[in-house]
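In: generate a structure from the sequence data that follows.
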Amino acid sequence: MQILQLFFDCDEFCREFLPRLAAQQLADGKRHRQCESSLSPSEVMTIVILFHHSGFRNFKSYYTQHVCQLWRAEFSRLVGYQRMVELKPYVLVPLAGFLHSRFGNCSGISLRARFLRRRRRLSATRQRSLRQPKASRPSGRAMQ
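Out: Okay, here's the model as predicted:
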């Protein structure tokens, strides 16, 4: 997956989505800091999406071993692991919106095709077991 293209798509989505989200949110009457993070929401989203496309099992090893060491040139203002974990919840809603915008129209064929393949596989297995003569079939007691 191309990092630059993914970042560009996330950034374009965030430029449109985040102002709309801020306008829709309700205020609780308290003053909140509007301090900007060193990583933009689109950069955090890009890192999270690339984590799910990687072969890493947990986010900590992915971030510390892969992102911080290999992609420091691409993400010049990287934060530490703990700060990254703190930033992830703030991009959950934009990330869900971005991923939802990337879905295509569901045709229903994908689930049906998987079901039909499984059904054919099961029927082929049953037919093979019926073709074997009874003498050559292993019995359950002989296997124990």
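In: residue contacts, the residue lying closest to Phe75 once chain neighbours are set aside?
Out: Among residues not flanking Phe75 along the chain, Glu43 sits closest, at 5.9 Å (Cβ to Cβ, 6 or more residues apart in numbering). For glycine as for every other residue, the C-beta is placed from the backbone atoms N, C-alpha and C. Glu43 makes contact with Phe7, Cys10, Phe75, according to Cβ atoms under 8 Å, 6 or more residues apart in numbering.
In: give the rounded mean pLDDT of stretch 39-58.
Out: Averaged over stretch 39-58, pLDDT sits at 92.
In: same check on stretch 4-19?
Out: Stretch 4-19 comes out at a mean pLDDT of 93.
In: quick check: buried residues in stretch 92-108?
Out: Buried positions in stretch 92-108, judged by neighbour count with 16 or more other Cβ atoms under 10 Å: Pro94, Leu95, Gly97, Phe98.
In: quick check, pLDDT for the third one.
Out: pLDDT for Gly97: 93.
In: residues in contact with the helix or strand containing it: which ones?
Out: Per DSSP states H and E: Gly97 is located in helix 92-101. The contact list for helix 92-101 (Cβ under 8 Å, 6+ apart) reads Asp9, Cys10, Phe13, Cys14, Phe17, Leu18, Leu21, Pro41, Met45, Val48, Ile49.
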